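Engineer: no sequence on hand, only this structure:
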Ligand code: VG1
Ligand code: CO
């Protein structure tokens, strides 16, 4: 039975960098989920009888929201919904399922690397038919709709069993519960040389994969241990938990510190990796070396032809603006286009669809290719393994050779979390107002040569996205970027991205924070970080 329920708008349902993210109790307010889901459906046209894909990272509240989405999709006229068994679909797997099935779109329930649990974070994101995050045009429409919504539609029915694979009926709509791993594993097998990877593990190659009790566990266990023969125990923390075991499922040097320590030890495994809450990010650590995501993007681009799925080479590379320029040097050497986009995967979709780029990456540990329209953690890990299997060198040596060829972009990001929102906005507004006068002046011994508020002109659809980060360039090629996070759920998070290119062979092995000490000091002087936020040091350094 279809039912129409009256509702009143919430004023805070603006999607951020990657969907709507709030604390669980916030989502539990009356009609909060229903309003947002109805606003999504109201913003779309022509989905009558079409297929929707639904899944999430298994965090607290995932199952409840899936039931609501299913009942609302049935009332709104979708013909079929594909749901991952147990409500589970990693973000890249959801992207693939949308594409493979020619679905109209998908709803992904995740707050990614943010913690989960009854008082922690939840999120809802809409992806379009190409499998990628909805572009700003659509998220803006959804937001506008949340401000005027007066009713939503839902069928009255019992909750569906999500735990057994198979078809069920919900009103006039079919719900198919699908194996969340099978299609994705098959896709990986079509891109990488699984025979060479099996031989690698059979030869005693040792790997540690930390799934952080998040969604990648079942995918990594199936692919690495079952299909590639890596020893049992290669995948740690492989069971998705609603609260991720009480940790942040954020694969960085702070939250995956145990893995880092293990990889720096004498008897470290050959290769270490981790993935985030929804499986789209990757952390790569070779024995004795952490590989920054910016370097990883450049290295993968330079070596991707070793994987069978990319043996024809790549058309172009895209990176988010705050990501280091390491990939630019590879693109220049290959004679291919390099695109600089705003933060967030939604900006890569047009370039991938148009065939302008094959590989994309972000400094926040996201890398992906045209195989789906999301970043893909396990894909990056498998590509690394494929390269190691072919080149037969330790990861550390491959990285050091790369620096000798291309130079090293020393890179770090300093995050100031849960800063007072007004103070963070003031810091950005004040710096923005002074940008015009900065070029030609000096700070901490560095001469400023450029300063702007990054605006992106999409070369495919001509859309313009403004205010995507303040960037300041120095005469020696080093750079600092300031941005406020669009995924946080408490206060503001100030992200300061710092970078310097070094090409002298004798200076390639420095400590990153030391190599960037003057750029870090310049950032503080320019923006008054300490004085305005009251913080003496960043909360997270990656
Ligand atoms: C962060 C990262 C960004 C990434 C986004 C979503 O956004 O910086 O690079 O695309 O998270 O990733 P922000 O606005 O907080 O800087 V995920 O893995 O949360 O889907
Ligand atoms: Co993620």
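Structural biologist: Sure, I can see it. The structure presented is a predicted model; accordingly, all values stated were derived computationally and were not measured. Ligands and ions are numbered 1, 2, ... in the order given.
Engineer: just the mean pLDDT for the one helix or strand residue 94 maps to, thanks.
Structural biologist: Here residue 94 sits within helix 91-100, counting by DSSP states H and E. Throughout helix 91-100, pLDDT has a mean value of 98.
Engineer: starting at the chain centroid, how far to that helix?
Structural biologist: 15 Å (C-alpha atoms, centre = their mean, to the nearest Å).
Engineer: for that helix, packing partners?
Structural biologist: When contacts are defined as 3 or more C-beta pairs under 8 Å, 6 or more residues apart in numbering; DSSP states H and E, helix 91-100 packs onto strand 51-56, strand 80-88, strand 105-109, strand 121-128, helix 182-191, helix 377-391. Backbone N, C-alpha and C define where each C-beta goes, glycine included.
Engineer: can you pull out the helices in the stretch 101-250 of the chain?
Structural biologist: 136-146, 182-191, 194-202, 216-220 (DSSP state H, counting those that start in this stretch).
Engineer: how does the protein divide into domains?
Structural biologist: Per automatic domain parsing, the structural domains of the chain span 2-179, 184-406, 408-541.
Engineer: any chance of those domains in CSV, plus distance to ligand 2 and mean neighbour count?
Structural biologist: CSV is the format used below for the domains of the chain (distance: least, C-beta to the ion, whole Å; neighbours: other C-beta atoms under 10 Å):
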stretch, distance to ligand 2, mean neighbour count
domain 2-179, 3, 20
domain 184-406, 4, 21
domain 408-541, 9, 17
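Engineer: switch those domains over to JSON lines; also include distance to ligand 1.
Structural biologist: Below are the domains of the chain laid out as JSON lines (distance: least, C-beta to the nearest ligand atom, whole Å):
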{"stretch": "domain 2-179", "distance to ligand 1": "3"}
{"stretch": "domain 184-406", "distance to ligand 1": "4"}
{"stretch": "domain 408-541", "distance to ligand 1": "3"}
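Engineer: in a markdown table, list the helices of the stretch 101-250 of the chain along with mean pLDDT.
Structural biologist: Shown next, in a markdown table, are these (pLDDT from 0 to 100):
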| stretch | mean pLDDT |
| --- | --- |
| helix 136-146 | 96 |
| helix 182-191 | 97 |
| helix 194-202 | 98 |
| helix 216-220 | 97 |
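Engineer: and the closest residue to residue 63 other than its chain neighbours, what does it touch?
Structural biologist: Nearest non-adjacent residue to residue 63, counting by C-beta to C-beta, 6 or more residues apart in numbering: residue 87, 5.1 Å away. Contacts for residue 87 were tallied using C-beta atoms under 8 Å, 6 or more residues apart in numbering; they are 55, 56, 58, 62, 63, 66, 109, 162.
Engineer: pick out the most distant pair among the residues you listed.
Structural biologist: 109 and 162 (12.2 Å; C-beta to C-beta).
Engineer: joint contacts of these two?
Structural biologist: Joint contacts of residue 109 and residue 162 (C-beta under 8 Å, 6+ apart) are 66, 87.
Engineer: so where do the helices sit in the stretch 251-400 of the chain?
Structural biologist: Applying DSSP H, counting those that start in this stretch to the stretch 251-400 of the chain gives helices spanning 257-264, 293-303, 326-334, 349-353, 377-391, 395-406.
Engineer: going along the chain, name the strands of the stretch 351-500 of the chain.
Structural biologist: For the stretch 351-500 of the chain, the strands defined by DSSP state E, counting those that start in this stretch occupy 359-362, 366-369, 408-419, 442-443, 446-453, 456-457, 464-465, 470-474, 479-484, 492-502.
Engineer: quickly run through the sheet partners of the fifth one, with directions.
Structural biologist: On the basis of DSSP bridges, the sheet neighbours of strand 446-453 come out as strand 442-443 (antiparallel), strand 470-474 (antiparallel).
Engineer: now those in JSON lines, with distance to residue 393 and mean pLDDT?
Structural biologist: Below are the strands paired with strand 446-453 laid out as JSON lines (distance: least, C-beta to C-beta, whole Å; pLDDT from 0 to 100):
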{"stretch": "strand 442-443", "distance to residue 393": "41", "mean pLDDT": "96"}
{"stretch": "strand 470-474", "distance to residue 393": "34", "mean pLDDT": "97"}
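Engineer: quick one: closest of those to residue 359.
Structural biologist: strand 470-474 (22.7 Å).
Engineer: off-centre distance for that closest one?
Structural biologist: With C-alpha atoms, centre = their mean, you get 24 Å for strand 470-474.
Engineer: can you check stretch 155-174 too?
Structural biologist: Using C-alpha atoms, centre = their mean, the offset of stretch 155-174 from its chain centre is 31 Å.
Engineer: identify all contacting residues around that stretch.
Structural biologist: 1-3, 63, 66-67, 70-71, 73-75, 78-81, 83, 85-87, 175-179.
Engineer: strands - which of these land there?
Structural biologist: When DSSP state E defines the strands, the subset of the contacts of stretch 155-174 inside them is 2, 3, 80, 81, 83, 85, 86, 87, 175, 176, 177, 178.
Engineer: quick revisit: quick check: of the contacts of residue 87, which lies closest to residue 256?
Structural biologist: Using C-beta to C-beta, the contacts of residue 87 come closest to residue 256 at residue 58, 18.7 Å.
Engineer: that closest one contacts residue 243, doesn't it?
Structural biologist: No: counting by C-beta atoms under 8 Å, residue 58 does not reach residue 243; the two are 10.2 Å apart.
Engineer: quick one: list the elements packing against the worst-scoring helix or strand of the chain on mean pLDDT.
Structural biologist: Using mean pLDDT, DSSP states H and E, strand 540-541 stands out as the lowest-scoring helix or strand of the chain, at a mean of 90. Using 3+ C-beta pairs under 8 Å, 6+ apart, the elements in contact with strand 540-541 are strand 408-419.
Engineer: run the angle between the strand it packs on and helix 326-334 for me.
Structural biologist: 150 degrees (axes from the mean of the first three to the mean of the last three C-alpha atoms, to 10 degrees).
Engineer: show me what strand 408-419 is packed against.
Structural biologist: Strand 408-419 packs on helix 293-303, helix 326-334, strand 492-502, helix 512-515, helix 517-527, helix 529-533, strand 540-541, going by 3+ C-beta pairs under 8 Å, 6+ apart.
Engineer: next, the angle from the first one to helix 326-334.
Structural biologist: Think helix 293-303. Going by the same axes, to 10 degrees, helix 293-303 makes 20 degrees with helix 326-334.
Engineer: who touches helix 293-303?
Structural biologist: For helix 293-303, contacts defined as C-beta under 8 Å, 6+ apart pick out 282, 284, 291, 314, 317, 319, 323-324, 326-327, 329-331, 333-334, 359, 361-367, 380, 383-384, 387, 391, 398-399, 402, 406, 408-409, 411, 499.
Engineer: again, but for the shortest one
Structural biologist: In this structure, residues lying in contact with strand 540-541 by C-beta under 8 Å, 6+ apart are 252, 253, 254, 412, 413, 414, 415, 417, 513.
Engineer: which residues are in contact with the fourth one?
Structural biologist: Residues near residue 412 by C-beta under 8 Å, 6+ apart: 497, 498, 512, 513, 516, 520, 541, 542.
Engineer: can I get those in CSV with distance to residue 261?
Structural biologist: Listed next are the contacts of residue 412 as CSV, based on distance: C-beta to C-beta, whole Å:
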residue, distance to residue 261
497, 26
498, 24
512, 18
513, 18
516, 23
520, 25
541, 16
542, 16
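Engineer: pick the one among those closest to residue 187.
Structural biologist: residue 542 (28.9 Å).
Engineer: all set now, cheers.
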